[in-house]
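Asks: sequence plus predicted model, see below.
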Amino acid sequence: IQGVSEVNIEDTKIRGKNLDVLAEFERSKPKNAANFVVIGHVDAGKSTLMGRLLYDLKVVDQRTLDKYRKESERLGKGSFALAWVLDQGTEERNRGVTIDIAMNKFETENTSFTILDAPGHRDFIPNMIAGASQADFAVLVIDASTGNFESGLKGQTKEHALLVRSMGVQRIVIAINKLDTVQWSQDRFNEISQQVSAFLTSAGFLSRNLAFVPCAGLTGDNIVRKADDPKASWYPGPPLVSLLESSKPVTRALEKPLRLTIDDIFRGGIQNSLSVSGRLDSGNVQIGDTVLVMPAKEAGAIKGLEVDSEPAEWAVAGQNVILHLTEIDTKYLKSGDVICPPSAPIQCVTSFTIKVLAFEHVTLMHCEVHKGTLHAPGRVTQLIAQLDKASGAAVKGKPRLIKPGSVARVVVEVDDPVPLEPGGRVILRAGGETVGAGLVE
Ligand code: GDP
């Protein structure tokens, strides 16, 4: 395509092995890899629960935990020690650039997991959108203690659930948490499960994709081990970690063209090269490949790569990777850009039509377009039709206003071209609120 920069492979002395990556992948008998986001109301116990999971799986050791415990006691917040486990690493991974998505990894026998996003961070929604767009499933944490469930449902619980659904997440594991505060009441668990289930199915989740577990992150009951409180003996099912494991492996879009949305850009790879990290949405890459960064149309070659922070020769869709690139000037790169093959670059557009689920009133308005780590100022410039929620058929042409909860087809424009293709998912935000979630048509 026009305007592509030249890459002189001879100069860069990269010798790729020209592997048949798909055959290599088959041979490697990979572990299932699953990415998930953790959602739920503030104080539902998300950080504590994830800290407990990592601790009980021995990803974090006692010494580290003791260190956090001391620190949090010094600040008068003893119970927060487990929650702090999750935040470690954010600082340690400081490579001179801000990292939007804190990553935490752990493995069980069959699966290697990545927890996307850092729950509890203040500007949570944009981070969560970035995380949700890469997630295979979500863990919804619900505070079962009296009163808190009810206020959580009015609060972020519903918004988060709608958001992850509109980002394409289909499966949710629901941790009904803090059951120790209600003496492991089975009635309370049933009542909450029913309400949450009713809400999630109305938001478009299939009931067979929902799994519920009664648990307490603080004490570790039904997280990695089964609850040892006798009051919890009515629950015959598996602990949380088994429900995570039984999440089906993703169908990997291996044979589609390469697409990697850049999360982060840093220097410090091979010979201090320019490196980018992100998840391979589709396709595959190997050392020696020439790639194109869109929308800048800058070409570069892959000098080296890492999969899950280990050096590798190739990577396939679904994996979290770091690519070490030949010199591309950082001024051409930003997070949210997409890496593609020169033979099949992603389209970059300034105007596109979406089917949008409105969370707030949507009308001709300024908004911010979010796609993963991409944020672009834009506007809704045309309301084409209001659609029937179930069938998607137009029920009303040229509406003046889209009410919360309705679905419509609208045109969005942005100032600078953004890489977007049909099937891509975007979020519209205005004034710090999520106004809608859209599917690019
Ligand atoms: P987050 O905002 O969802 O990440 O919530 P935190 O993990 O920070 O927890 C909020 C508060 O709930 C803290 O004081 C925790 O100690 C407490 N908490 C978390 N899990 C449990 C639990 O299973 N039982 C009880 N009783 N308290 C919990």
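Replies: Alright, I've got the coordinates. Numbers count the residues shown, from 1 in each chain.

Asks: in stretch 162-179, what counts as buried?
Replies: 162-169, 171-179 (16 or more other CB atoms under 10 Å). To be clear about C-beta, it is placed using only N, CA and C from the backbone, and glycine gets the same treatment.

Asks: quick check: which of those are also close to the ligand?
Replies: Restricting those to those near the ligand by CB under 6 Å from any ligand atom leaves 177-178.

Asks: taking the buried residues of stretch 162-179 one by one, which sit in strands?
Replies: Members of the buried residues of stretch 162-179 lying in strands (criterion: DSSP state E): 171-177.

Asks: want to throw these into CSV with pLDDT?
Replies: Formatted as CSV, those follow (pLDDT from 0 to 100):
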residue, pLDDT
171, 92
172, 95
173, 96
174, 97
175, 97
176, 97
177, 97
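
Asks: of those, closest to the ligand?
Replies: residue 177 (5.3 Å; CB to the nearest ligand atom).

Asks: just list whatever residues bridge to the nearest residue to residue 40 once chain neighbours are set aside.
Replies: Nearest residue to residue 40 in three dimensions, chain neighbours excluded: residue 141, at 3.8 Å (CB to CB, 6 or more residues apart in numbering). Assessed by DSSP bridges, residue 141 has beta-bridge partners residue 175.

Asks: residue 141 reaches residue 42, doesn't it?
Replies: No: using CB atoms under 8 Å, residue 141 makes no contact with residue 42, being 10.6 Å away.

Asks: of those two, which one has the most company?
Replies: residue 141 (30 against 13; other CB atoms under 10 Å).

Asks: poorly predicted segments of the stretch 51-200 of the chain, please.
Replies: 64-65, 67-103, 117-131, 133, 152, 154-155 (pLDDT under 70).

Asks: show me the strands in it, by range?
Replies: 104-107, 111-116, 137-143, 171-177 (DSSP state E, counting those that start in this stretch).

Asks: got JSON lines for those strands, with distance to residue 201 too?
Replies: Below are the strands of the stretch 51-200 of the chain laid out as JSON lines (distance: least, CB to CB, whole Å):
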{"stretch": "strand 104-107", "distance to residue 201": "30"}
{"stretch": "strand 111-116", "distance to residue 201": "24"}
{"stretch": "strand 137-143", "distance to residue 201": "13"}
{"stretch": "strand 171-177", "distance to residue 201": "11"}
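
Asks: go through those strands and name the closest to residue 15.
Replies: Among the strands of the stretch 51-200 of the chain, the nearest to residue 15 by CB to CB is strand 111-116 (29.6 Å).

Asks: which members of the ones in strands among the buried residues of stretch 162-179 are the farthest-apart pair?
Replies: It's 171 and 177 that sit farthest apart of these, by CB to CB, at 18.5 Å.

Asks: residue contacts, residue 219?
Replies: Residues in contact with residue 219 (CB atoms under 8 Å, 6 or more residues apart in numbering) are 180, 229.

Asks: 6 Å instead?
Replies: Residue 219 sits next to residue 180 when contact means CB atoms under 6 Å, 6 or more residues apart in numbering.

Asks: which SS class is residue 47?
Replies: Taking DSSP: H, G, I helix; E, B strand; the rest coil as the rule, one finds residue 47 in the helix state.

Asks: pull up the gap between residue 202 and residue 162, please.
Replies: Computed as CB to CB, to the nearest Å, the residue 202 to residue 162 distance reads 10 Å.

Asks: what do you get for residue 217?
Replies: Distance from residue 217 to residue 162, by CB to CB: 24 Å.

Asks: so which residues of this protein form helices?
Replies: 9-12, 21-27, 46-56, 62-74, 81-87, 124-132, 148-152, 158-166, 186-202, 240-245 (DSSP state H).

Asks: how about the contacts made by residue 210?
Replies: Taking CB under 6 Å, 6+ apart as the test, what residue 210 contacts is 172, 200.

Asks: bridged to it, which residues?
Replies: Applying DSSP bridges, one finds that residue 210 bridges with residue 172.

Asks: then residue 264?
Replies: Here residue 264, judged by DSSP bridges, has bridge partners residue 277.

Asks: same question for residue 438.
Replies: Residues in beta-bridge contact with residue 438 (DSSP bridges): residue 356, residue 426.

Asks: count of neighbours near it?
Replies: 26.

Asks: again, but for residue 396
Replies: So residue 396, with other CB under 10 Å, has 12 neighbours.

Asks: with adjacent residues omitted, what lies nearest to it?
Replies: That would be residue 386: by CB to CB, 6+ apart, it lies 4.2 Å from residue 396.

Asks: can you check residue 341 too?
Replies: Per CB to CB, 6+ apart, closest to residue 341 is residue 258, 5.0 Å.

Asks: just checking, the one you found touches residue 342?
Replies: No: using CB atoms under 6 Å as the test, residue 258 is too far from residue 342 to be in contact (10.1 Å).

Asks: those two: who's more crowded?
Replies: residue 258 (24 against 14).

Asks: measure the more buried one to the ligand for me?
Replies: Residue 258 sits 36 Å away from the ligand, going by CB to the nearest ligand atom, to the nearest Å.

Asks: swap in residue 354?
Replies: 31 Å.

Asks: please tell me how far the residue nearest to that residue when sequence neighbours are not counted sits from the ligand.
Replies: Leaving aside its sequence neighbours, residue 354 sits nearest to residue 438 (CB to CB, 6+ apart; 3.3 Å). Distance, residue 438 to the ligand, by CB to the nearest ligand atom: 28 Å.

Asks: was I right to think residue 438 contacts residue 352?
Replies: No: the pair residue 438 and residue 352 fails to qualify as a contact (CB under 6 Å) at a distance of 9.1 Å.

Asks: my read: residue 368 touches residue 429, true?
Replies: Yes: shown here, residue 368 and residue 429 form a contact pair, counting by CB under 6 Å, at 4.7 Å.

Asks: just to revisit the earlier point, please verify my assumption that the residue nearest to residue 40 contacts residue 179.
Replies: No: using CB under 6 Å, residue 141 is not in contact with residue 179; the gap is 12.0 Å.

Asks: show me what contacts residue 196?
Replies: residue 174.

Asks: run the last query once more with 8 Å
Replies: By CB under 8 Å, 6+ apart, the neighbours of residue 196 are 140, 142, 153, 157, 174, 176, 212.

Asks: residue 25 reaches residue 283, doesn't it?
Replies: No: contact criterion CB under 8 Å: residue 25 and residue 283 do not qualify, at 11.7 Å.
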